[in-house]
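K.L.:
Make a model of this:
(chains A and B)
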Amino acid sequence: MPQPRPDQVDLAIPSDPRLLKIVRMTIMHLTELAGFGEEEQKSVALAVDEACSNIIKHAYGGATDRPIIIRFQLLDHGLRVLLRDYGRKADLSKIKSRELDDIRPGGLGVHLIRSVMDVVEYDNSLDEGNLLTLEKFLRR
Amino acid sequence: MLDVSTRDIKKGVIISITGDVDLYSSPEVRKVIIDLTDKKTKNILVDLSSVSYMDSSGVATLVEGLQQVGKYGGKLMLFGLEAAVKEVFELSRLDKVFEIYPDEQTALDHLKK
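P.N.:
Below you'll find the predicted structure:
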């Protein structure tokens, strides 16, 4: 097994919505360690939860037995979260926040992620699946 | 785990939700709301005071409920939102779309108007 790094935590879960709370609880603790206040801890938990929900819904089409690998990295300037899936490739031209004047159910997840996180980068150039990089900066 | 219960009041129904509303649990909330809108319940008040977390699927469920009651001239009101839940509505700019009240009594007072 690789030597663990003190500034990095890996979490591997099946794409089962019942397990999203584990992700949120992990985020709450790690953002606290990174020095974020309670309000920001909850916001980051929301953003990462939304990202996982999108993987379950869009990359895996609702399948509950596919892998989601989440790597959390504590940085000097905040927290980085890498989300890896092995599902359907994201169509980057279609990943956008919806118009907020358009009142309808759904389509809010990407908007919430972009509202909360400072860095949101999608990489669909991998052989299989997608990699989403999220970063939240500490305001000192 | 999520708990969703309903309570009849003179002018409608209060839905009380306890727990986190996320991709896993929001279908349970949806089922209760749609059941009420199918019956054309005039006023649906949603008590969110025991909800500490809500994601976009929870918000979407409430938006759907709001649209359904709008079709028959009913009302869907929210009350008791914790700060983190309120923030999701604010970020979605839906805080101005819903009638949101601090507590049950204030929501009921607005029903009387």
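
K.L.:
residue boundaries of the strands in the chain?
P.N.:
By default, I'm working from chain A. A:8-14, A:67-75, A:78-85, A:119-123, A:130-137 (DSSP state E).

K.L.:
not what I meant, chain B
P.N.:
For chain B, the strands defined by DSSP E cover B:3-9, B:12-21, B:43-54, B:75-79, B:99-101.

K.L.:
contacting residues for residue 39?
P.N.:
Here I'm looking at chain A. By CB atoms under 8 Å, 6 or more residues apart in numbering or on different chains, A:Glu39 lies in contact with B:83-84, B:87. All C-beta atoms are positioned from the backbone trio N, CA, C, and that covers glycine.

K.L.:
Which of those fall within helices?
P.N.:
Judged by DSSP state H, helices contain the following of these: B:83-84, B:87.

K.L.:
re the thing from before, can I get the strands of chain B in CSV including mean pLDDT and distance to chain A?
P.N.:
Listed next are the strands of chain B as CSV, based on pLDDT from 0 to 100; distance: least, CB to the nearest CB, whole Å:
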stretch, mean pLDDT, distance to chain A
strand B:3-9, 96, 15
strand B:12-21, 97, 6
strand B:43-54, 97, 7
strand B:75-79, 97, 13
strand B:99-101, 97, 14
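
K.L.:
And for A:Ile70, the neighbour number?
P.N.:
24 (other CB atoms under 10 Å in any protein chain shown).

K.L.:
Ok, B:Gly74 next?
P.N.:
18.

K.L.:
From chain A, how far off is the closest residue to it other than its chain neighbours?
P.N.:
What sits nearest to B:Gly74 in space, not counting adjacent residues and going by CB to CB, 6 or more residues apart in numbering or on different chains, is B:Lys42, at 5.0 Å. As defined by CB to the nearest CB, to the nearest Å, B:Lys42 lies at a distance of 21 Å from chain A.

K.L.:
and B:Lys42, how many neighbours?
P.N.:
15.

K.L.:
Next: A:Leu19.
P.N.:
Here the count is done by other CB under 10 Å, and A:Leu19 has 16 residues near it.

K.L.:
and chain A, which residues reach chain B?
P.N.:
A:17-18, A:20-21, A:24, A:39, A:42-43, A:45-46, A:49-50, A:53, A:56-57, A:100, A:103-106, A:108-109, A:111-112, A:115-116 (CB under 8 Å from any CB of the partner chain).

K.L.:
from these, which ones fall inside helices?
P.N.:
Those of these lying in helices (DSSP H): A:20-21, A:24, A:39, A:42-43, A:45-46, A:49-50, A:53, A:109, A:111-112, A:115-116.

K.L.:
Kindly give a single ChimeraX line that selects the buried subset of those.
P.N.:
In ChimeraX, this line selects whichever of those come out buried by 16 or more other CB atoms under 10 Å in any protein chain shown:
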select /A:20,21,24,42,43,45,46,49,50,53,109,111,112,115,116
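
K.L.:
show me what contacts the residue nearest in space to the middle of chain A?
P.N.:
By CA atoms, centre = their mean, chain A has its centre lying nearest to A:Val48, at 3.3 Å. The contact partners of A:Val48, by CB under 8 Å, 6+ apart, come to A:23-24, A:27, A:70, A:81, A:83, A:134.

K.L.:
Next, find the distance separating it from chain B.
P.N.:
11 Å.

K.L.:
end-to-end on stretch A:47-61?
P.N.:
Using CA to CA, to the nearest Å, the end-to-end distance of stretch A:47-61 comes out at 20 Å.

K.L.:
Actually, stretch A:50-66.
P.N.:
17 Å.

K.L.:
how about it: buried residues?
P.N.:
When burial is assessed from 16+ other CB under 10 Å, stretch A:50-66 yields the following buried residues: A:50-60, A:66.

K.L.:
I am finished for the moment; much appreciated.
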